[in-house]
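1. I would like the atomic coordinates for the input below:
(one chain, ligands or ions: 1)
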Amino acid sequence: MSHPLESIVAVQKKDRRLIKLMREIRDIPQRKQDIEAQLAGSAQKLETAVDSRKHTEVTLKEQELEVESLKERVTKYKNQQMEATTNEQYRAFVKEIGTAEREISDLEEKEIVLMEALEKGKVIESEREATLSGERAEISDELGELDARAAELNEQLEQMKATRARAAEQCDKSILQKYARIMNNKRDFAVVMVEPGGHCGGCHMKLPPQVTNDARNPAKIVACNFCGRIVYNPVS
Ligand SMILES: [Zn+2]
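-> Numbers count the residues shown, from 1 in each chain. Predicted coordinates:
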């Protein structure tokens, strides 16, 4: 007669496979989210670069308009200057023209700085655009692979559940219930082998000789005194 724990150990092997499958299936949405978050991060970086470039363009345009209007003012002052009737009026225009020309020169210096910033900004923008479109292509592949993996895992899960159900039919019902209670609690193993030297294969504590002996007896189901897992000592 075979030991009743043999069929339980067979179920446990399938349960461990089921746990692994379920864990992997459970992790897939998080992996997809992580991938999508990375893409969102790159899209955000591109948006920042676009905003910055647009802002520079607007500022540059404003300054150009300001320069134009100052230049018109200078032309107007120069015309008025020629019609000045007094030295005082003439000097006043010289002063006004000087002020406007200094402003123009300041603004033109700022324009150069802005144009350089704009060129740099455009380079950064196109780099980020390239990164994003590269990631988009890569990510859509990755997401597709993950979806395919999830489908495959779910199929394996269904098959494994059916195999597990068939294996469970071979088990003693009361031992199977006991096994299920321990498995729910421990989440790794409910049945463990007695290790050489008489240690529990689950918690590795030294088992009493009586337990080690009983673990060989097909008529007895014994548990580790320390961790509560069923201990099995197959006769080799
Ligand atoms: Zn133990």
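2. Specify the local secondary structure of the residue nearest to P208 when sequence neighbours are not counted.
-> Leaving aside its sequence neighbours, P208 sits nearest to N225 (Cβ to Cβ, 6 or more residues apart in numbering; 6.7 Å). Backbone N, C-alpha and C define where each C-beta goes, glycine included. Using DSSP: H, G, I helix; E, B strand; the rest coil as the criterion, the local structure at N225 reads coil.
3. can you tell me the helix or strand for the most centrally placed residue in the chain?
-> Geometric centre of the chain, nearest residue: D34, 2.2 Å, by Cα atoms, centre = their mean. Secondary structure assignment for D34, by DSSP states H and E: helix 4-82.
4. and the longest strand anywhere in the chain, how far from the chain's centre?
-> Identified as the longest strand of the chain according to DSSP state E is strand 191-195. Mean-position distance between strand 191-195 and its chain equals 39 Å (Cα atoms, centre = their mean, to the nearest Å).
5. Give the rounded mean pLDDT of the next helix or strand after that strand.
-> Helices and strands here follow DSSP H and E; after strand 191-195, the next one along the chain is strand 199-200. Strand 199-200 carries an average pLDDT of 97.
6. rewinding a little: are there helices or strands packed against the helix holding D34, and which ones?
-> Here helix 4-82 touches helix 87-169, helix 173-186, strand 191-195, strand 230-232, going by 3 or more Cβ pairs under 8 Å, 6 or more residues apart in numbering; DSSP states H and E.
7. deepest of the ones you listed, which one?
-> Ranked by average neighbour count under the criterion mean count of other Cβ atoms under 10 Å, the helices and strands packed on helix 4-82 are headed by strand 230-232 at a mean of 24.
8. is it anywhere near the ion?
-> No: in terms of Cβ under 5 Å from the ion, no part of strand 230-232 sits within range of the ion; the closest distance is 7.1 Å.
9. Quickly run through the sheet partners of that strand, with directions.
-> Strand pairing for strand 230-232, determined by DSSP bridges: strand 191-195 (parallel), strand 222-223 (antiparallel).
10. Wait, L153 touches R26, no?
-> No: here L153 lies out of contact with R26, judged by Cβ atoms under 8 Å, at a distance of 9.9 Å.
11. Return the residues of this protein in contact with the ion.
-> Residues of the chain found near the ion, taking Cβ under 5 Å from the ion as the criterion, are C200, G202, C203, C224, F226, C227.
12. Could you rerun that using 8 Å?
-> Proximity of the chain to the ion (Cβ under 8 Å from the ion) is limited to residues 192, 200-205, 207, 224-229, 231.
13. Kind regards, and thank you for your time.
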